[in-house]
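Asks: sequence first, then the predicted structure:
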Amino acid sequence: MFCFLILANVNRITNPRPLQKDSAEYLELSYHLAFNKTFSYDGVIPTNYREPISSFLNAVNIHLFTDIKDSIDVNQLGQNLNLVLQLTQINIFYLFLLYIGIWWLHFILTGSHSWMIFSAFIPMTYFSISTTYLKNLLSDLPSIVLFVFSACVLLLINREPKYWKSILLAILLGLLIMSKGVFYYLVPIYLFLMISLIWFKDESPFKIQKIKIFALSFLLTFLTILPWQLRNYIYLDDFSLTTRGGTILLLRAEMDQMNSVERVGMFYVFAPEVLKKVIFEKYFGYEKADYLDGGKLQRLNRDLEHDYRAIEAGDYNQLVSFLRRSMFISLPILQAEANLKGLDSDQYIKEESLKTIKNNWQSHILTSIPFAWKGLWFYKGNNLVFVLLIGLSYLVFFIMFIKSLIYWKIDYLIFFTLPMLVFFFHVLLTHNIPRYILPIVPFISLGLVLFLKEKFSVYRKSNLFKL
C-alpha cells in the first residue's frame, strides 16, 4: 500500500500545474463553502449545478490542512502552485481509503488476505500514475471510495443482516448519490432488484429480515439526501439533486446523429495510444490528422482550434464539434424555449433530448456500441500489458456477471449488479467519457481475481484428485 501512496505523492508534487476547467469550478465551490458558508460560484448566488460532497470535503481540507485564507482571491488561488499542492493532498488520503476499501471488499468476498495485491493492482496502479486525478480537484476519487465501502456493507447485510447496517448503508449510499448524480437513478433500481432477488432466490432463514433491511435502506437513503433537495427547492425553486443531467443527455442525443464514418472512427479516437499505433493506424489507415481540424473525425474532438477561434469571435455558427455546438447552439435554444413556456430548464432539455433519442432509436443503438468501447479505456497510455490486463478484466467482469445470473449466486449478484448498471447507464444515456466509468474500476479488478481464484481452486482440486 505504502509503495502505491509514495508513487502517487511523487507524481502529484512533480511539475505541479494550475487548476483548470472542472477543477477550477470545484475550487470555487469549495472556497465559498469554506469562507462564505454557501454552495455557490460567487459566494452569493446558490447553485446546484454540481453534486456537493467533494466540495464539502475540499472545504474541510481548506480549513484544516492548508494555508488558504479568505483574503486570497479565489480566481488567483488555482494559479498558486504552492497552494494547489496543499489542496490536492486530499487525493492521497482518498487513495489510502480506497486501498482499505478494496482490502475489506476482497476479504468479504474471499475470506482471506491472499491475492489482495492483485485485487488492488489495476485501480491503485492507475490512480498512482494518473496525474488527471492526482493534480486536480475532482469528484471521482471520493465517489469511488464511497462506492467500494457501500459494496462492503451491502455484502455484510447479505451475510449477517442487522438493522443498524441499514443506517450505515443509507449514509454511504446517500453520500454516494450526492457525489455522483447517476446513482440517484441507479440506487432505487438496484435495491429493487436485490429485494426481488432475495425474495425469489434466497433460501436462508434470514430472507425476510434481509428484505426489510434493504427496504429500510432505500427509505433512509433518500431521507439522507432530502435536506440537500430541500435546500435546492428553498433557494432555487428546484427539487433536483443537480441540473447537469439535461446538458449531458442533450450532447448524447446530438452525438447519436453522427455518420457511419464517425461511428466507426470512435474505435480509433477513443482507443489507448498503443492500440491506435499497433492496430488502427497500422492496419486500418487511420492517422492523427483525422481527429484534428478538417479531418474526417473532427466533430468528435472537443478541443478543435477552429472551435476556440469561433468561440472567441462569438461566431457560434462556425462551430464544428458535437460538444461545442451542443453547448453554444442547441443548449441556449432549448433554455430559451423552456423560459418562454415557464418550464424548468433542465427538465425540459431532458424531455426534448429523450424525444430526439426516441425518434432516432436505430442510430442510438448503433452509436451505443462505440460508446461502450469508449468507456472501457480509462487508461490511454502506451503500456500494452496494462491495456491487455484492463481488457481481460472487463471481459471477465461480464462473464462473471452472466455466470452469477445463471447460477443465482446472490453474493456475486450483489457485488456485480450495481457496477453493471453504472456501465450500461453511461453507454446508453451519456457521452460516456472514461471518468464516468471510473467508479467500477475496483470492481473489474476484483472480478478478475475472483475468476482466477475459482480457476486456481478447481485446478488444485483436480490435481489432488489425480494424486
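Replies: Right, received. Where do you want to start?

Asks: now for the biggest helix by length in the chain, which elements pack on it?
Replies: Longest helix in the chain, counting residues (DSSP state H): helix 207-236. Helices and strands touching helix 207-236, by 3 or more CB pairs under 8 Å, 6 or more residues apart in numbering; DSSP states H and E, are helix 140-159, helix 163-177, helix 182-201. (Each C-beta comes from the backbone N, C-alpha and C, glycine too.)

Asks: out of those, nearest to residue 263?
Replies: helix 182-201 (24.1 Å; CB to CB).

Asks: what residues sit buried inside the closest one?
Replies: Residues 182-184, 186-187, 190-191, 194-195, 197-198 are the ones in helix 182-201 that count as buried (16 or more other CB atoms under 10 Å).

Asks: what about that helix, average pLDDT?
Replies: Helix 182-201 shows a mean pLDDT of 95 in the predicted model.

Asks: packing partners of that helix?
Replies: If you count contacts as 3+ CB pairs under 8 Å, 6+ apart, helix 182-201 packs onto helix 163-177, helix 207-236, helix 410-429.

Asks: so which elements touch the shortest one?
Replies: Using 3+ CB pairs under 8 Å, 6+ apart, the elements in contact with helix 163-177 are helix 140-159, helix 182-201, helix 207-236.

Asks: relative to helix 140-159, how tilted is it?
Replies: Angle of helix 163-177 versus helix 140-159, following axes from the mean of the first three to the mean of the last three CA atoms, to 10 degrees, is 160 degrees.

Asks: ok, and what's touching helix 163-177?
Replies: If you take CB atoms under 8 Å, 6 or more residues apart in numbering as the criterion, helix 163-177 is touched by 53, 143, 146-147, 149-150, 153-154, 156-157, 183-184, 187, 212-214, 216-217, 219-225, 241.

Asks: if we can go back for a sec, can you lay out the helices and strands packed on helix 163-177 as a markdown table showing distance to residue 351?
Replies: As requested, these are exported to a markdown table (distance: least, CB to CB, whole Å):
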| stretch | distance to residue 351 |
| --- | --- |
| helix 140-159 | 27 |
| helix 182-201 | 15 |
| helix 207-236 | 19 |
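
Asks: how far away is residue 278 from residue 382?
Replies: For residue 278, the distance to residue 382 (CB to CB, to the nearest Å) stands at 10 Å.

Asks: what's the closest of the buried residues of helix 182-201 to residue 413?
Replies: Taking CB to CB as the measure, residue 413 lies nearest residue 197 of those, at 6.0 Å.

Asks: my guess is the closest one contacts residue 412. True?
Replies: No - in this structure, residue 197 is not within contact of residue 412 by CB atoms under 8 Å, at 11.0 Å.

Asks: which pLDDT value goes with residue 463?
Replies: pLDDT for residue 463: 58.

Asks: can you offset everything so residue one is 13?
Replies: Done: numbering now begins at 13, and the last item shifts to residue 475.

Asks: spatially nearest residue to residue 98 (excluding sequence neighbours)?
Replies: Of all residues not flanking residue 98 in the chain, residue 78 sits nearest, at 4.1 Å (CB to CB, 6 or more residues apart in numbering).

Asks: so what's the one you found up against?
Replies: So residue 78 contacts 95, 98-99 (CB under 8 Å, 6+ apart).

Asks: phi first, then psi, for it.
Replies: Here is the backbone geometry of residue 78 (degrees, to the nearest 10): phi -130, psi 170.

Asks: and it, what's its pLDDT?
Replies: So residue 78 comes in at 95 (pLDDT).

Asks: can you check the one 5 residues further on too?
Replies: The predicted local confidence for residue 83 comes out at a pLDDT of 87.

Asks: assign it to helix, strand or coil.
Replies: coil (DSSP: H, G, I helix; E, B strand; the rest coil).

Asks: just give me the neighbour total for it.
Replies: By other CB atoms under 10 Å, 6 other residues sit near residue 83.

Asks: may I have the phi/psi pair for it?
Replies: With angles defined as degrees, to the nearest 10, residue 83 sits at phi -80, psi -10.

Asks: got it, and residue 90?
Replies: Per-residue torsions, residue 90: phi -70, psi -10 (degrees, to the nearest 10).

Asks: please apply the same query to residue 58.
Replies: Per-residue torsions, residue 58: phi -70, psi 160 (degrees, to the nearest 10).

Asks: the residue lying closest to it once chain neighbours are set aside: neighbouring residues, count only.
Replies: Distance criterion CB to CB, 6+ apart; nearest residue to residue 58, sequence neighbours excluded, is residue 247 at 4.3 Å. The number of residues packed near residue 247 is 15, by other CB under 10 Å.

Asks: domain ranges for the chain?
Replies: For the chain, automatic domain parsing gives the domain ranges 13-148, 151-251, 257-363.

Asks: measure the last one end to end?
Replies: Between the opening and closing residues of domain 257-363 lies a distance of 11 Å (CA to CA, to the nearest Å).

Asks: same deal with the second one?
Replies: Terminal residues of domain 151-251 are spaced 22 Å apart (CA to CA).

Asks: that domain: how far from the chain's middle?
Replies: Averaging C-alpha positions (CA atoms, centre = their mean, to the nearest Å) puts domain 151-251 17 Å from its chain's average.

Asks: low-confidence ranges, the protein, go.
Replies: In the predicted model of the chain, residues 470-479 satisfy pLDDT under 70.

Asks: for residue 305, phi and psi?
Replies: Per degrees, to the nearest 10, the backbone of residue 305 is at phi -50, psi 130.

Asks: just list the residues touching it, thanks.
Replies: Residue 305 sits next to 316-318, 332 when contact means CB under 8 Å, 6+ apart.

Asks: just give the nearest non-adjacent residue to it, would you?
Replies: Excluding the flanking residues, the one nearest residue 305 by CB to CB, 6+ apart is residue 318, at 4.7 Å.

Asks: the host helix or strand of the one you found - contacts with which helices or strands?
Replies: Using DSSP states H and E, residue 318 sits in helix 317-325. Packing contacts for helix 317-325, counted by 3+ CB pairs under 8 Å, 6+ apart, involve helix 334-337.

Asks: what distance separates the helix it packs on from the middle of the whole chain?
Replies: 22 Å.

Asks: contacting residues around that helix?
Replies: With contacts defined as CB under 8 Å, 6+ apart, helix 334-337 is touched by 263, 266-267, 270, 311-312, 314, 316, 319, 322-323, 328, 331, 443.
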